[in-house]
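>>> 3D, please:
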Amino acid sequence: MPNVVTTARLVLVPVFVWLLVQPHHRDWFTAAILLAALGSTDWVDGQLARRLDQVTNLGKILDPTADRVLLVTAAVGILAVGAIPLSVAVIALAREGLVAVAAVGLALAGARRIDVTLIGKAGTFGLMCAFPLFLTGHSTVGWHHIALVLAWVAAVVGLVLGWVSVVLYIPLARGALAEGRAAAGEQ
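Numbering: from 1, shown residues only. Below you'll find the predicted structure:
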């Protein structure tokens, strides 16, 4: 069940993009609502996996992959339509790129998989709040000014926590690499 929720998140990403590219900001608020819903289901699939005792290796890979796809698609899409400041998008995308390269590099070097940390999840949550709010802030809803203020608050918190998590992953990565190599040496 949790993997079904995660897969649904991935399948709905193109719908978000389609709403985003409609003319005259017509569907930006709807796109923001969909993006917020997709972002919040990250919590839902994790809770389902733990409560139903359905934590799987596939889910441990699929869930963070869905997070990254959604985050990068949202950042690039919202940047392309001019609804997010370039600095926020670049800082967020730089972190995502660094984490992706590090994950692949560690896997190729034989490290064991590293679980996502609470601080990393909190950073992603902050950005998944900020992105729909930036989009809402540039939509036609009456409270768009408030949405922009909230977007900046969520973005700053999300970016700071995201980069703090990168620093905190360094010792975890060293340990995972040592454990992975030690396990490979035993075989």
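>>> so who does Arg95 touch?
Gly123, Leu159, Gly162, Trp163, Val166 (Cβ atoms under 8 Å, 6 or more residues apart in numbering). Every C-beta, even on glycine, is put in place using the N, C-alpha and C of the backbone.
>>> And for Val76?
Contacts for Val76 were tallied using Cβ under 8 Å, 6+ apart; they are Ala89, Leu93.
>>> now the one 3 residues further on
When the contact criterion is Cβ under 8 Å, 6+ apart, the partners of Leu79 are Leu86, Ala89.
>>> Now, the contacts of Arg95 that are in helices?
Taking DSSP state H, the ones among the contacts of Arg95 that sit in helices are Gly123, Leu159, Gly162, Trp163, Val166.
>>> Select, from the contacts of Arg95, the two members most distant in space.
Spatial extent of the contacts of Arg95 (Cβ to Cβ) is set by the pair Leu159 and Val166 at 10.9 Å.
>>> Take the ones in helices among the contacts of Arg95 and lay them out in a markdown table including pLDDT, neighbour count and distance to Arg181.
Shown next, in a markdown table, are the ones in helices among the contacts of Arg95 (pLDDT from 0 to 100; neighbours: other Cβ atoms under 10 Å; distance: Cβ to Cβ, whole Å):
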| residue | pLDDT | neighbour count | distance to Arg181 |
| --- | --- | --- | --- |
| Gly123 | 93 | 23 | 29 |
| Leu159 | 97 | 20 | 33 |
| Gly162 | 95 | 25 | 28 |
| Trp163 | 96 | 17 | 28 |
| Val166 | 93 | 16 | 22 |
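>>> Could I get the full set of helices for the chain?
Counting by DSSP H, the chain has helices at residues 2-20, 28-51, 57-80, 86-108, 118-137, 144-186.
>>> Could you look over those and pick the most buried one?
Among those, ranked by average contacts under mean count of other Cβ atoms under 10 Å, first place goes to helix 118-137 (a mean of 23).
>>> That one to helix 144-186, inter-axis angle?
Helix 118-137 runs at 150 degrees relative to helix 144-186, counting by axes from the mean of the first three to the mean of the last three Cα atoms, to 10 degrees.
>>> Centre of the chain to helix 118-137, how far?
Chain-centre distance of helix 118-137: 8 Å, with Cα atoms, centre = their mean, to the nearest Å.
>>> Packing partners of it?
Helices and strands touching helix 118-137, as assessed by 3 or more Cβ pairs under 8 Å, 6 or more residues apart in numbering; DSSP states H and E, comprise helix 28-51, helix 57-80, helix 86-108, helix 144-186.
>>> In TSV, list those along with distance to Pro132.
TSV is the format used below for those (distance: least, Cβ to Cβ, whole Å):
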stretch	distance to Pro132
helix 28-51	4
helix 57-80	8
helix 86-108	13
helix 144-186	8
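>>> Quick one: closest of the ones you listed to Pro14.
Nearest to Pro14, of all those, is helix 57-80, at 8.8 Å by Cβ to Cβ.
>>> Thanks a lot, see you next time.
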